[in-house]
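Peer 1: coordinates for the following, if possible.
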Amino acid sequence: MAVKVRIPTPLQRLTQGKEEVEGNPGTIIELVNDLDKSFPGLAERISENGKIRRFVNMYVNEEDIRFLNAEGTMVKDGDEVSIVPAIAGGERQE
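Peer 2: From the prediction side, this is the model:
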């Protein structure tokens, strides 16, 4: 068993179109770096200097890692991780 990682549509071009990939247990940042070995370029879009980028939200079993242990949050076999890029834009209503 492994950690299931849900990949958002904008990053699926790096995962050969896969919506879900598997990674190894460890911390969130270790998981991101491990996935980058199989899917080069993924880590640089999610993290910078060992930290998850501000505009990227990550969830472990639907819990926001910012309210857990951030990049140090541990993931284990069977956990599900979701990567959700922040969305901005839209039209301002007057």
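
Peer 1: which helices and strands sit right next to the helix ranked longest in the chain?
Peer 2: Longest helix in the chain, counting residues (DSSP state H): helix 28-38. Helices and strands touching helix 28-38, as assessed by 3 or more C-beta pairs under 8 Å, 6 or more residues apart in numbering; DSSP states H and E, comprise strand 3-6, strand 20-23, helix 42-46, strand 47-48, strand 51-52. For every residue, glycine as well, the C-beta is placed using N, CA and C.

Peer 1: give the buried residues for that helix.
Peer 2: Judged by neighbour count using 16 or more other C-beta atoms under 10 Å, the buried positions of helix 28-38 are 28-36.

Peer 1: what do you get for stretch 59-66?
Peer 2: Buried, per 16+ other C-beta under 10 Å, within stretch 59-66: 59-60, 65.

Peer 1: show only the entries of those residues found in strands.
Peer 2: Using DSSP state E, 59-60 are the members of those that sit in strands.

Peer 1: out of the buried residues of stretch 59-66, who's nearest Asn49?
Peer 2: Ile65 (16.6 Å; C-beta to C-beta).

Peer 1: for Gly78, pull up the helix or strand it's in.
Peer 2: According to DSSP states H and E, Gly78 maps onto no helix or strand at all.

Peer 1: count the neighbours of the nearest residue in space to Ala2 that is not next to it in sequence for me.
Peer 2: For Ala2, ignoring the flanking residues on the chain, the nearest one in space by C-beta to C-beta, 6 or more residues apart in numbering is Glu22 at 4.0 Å. Using other C-beta atoms under 10 Å, Glu22 has 12 other residues around it.
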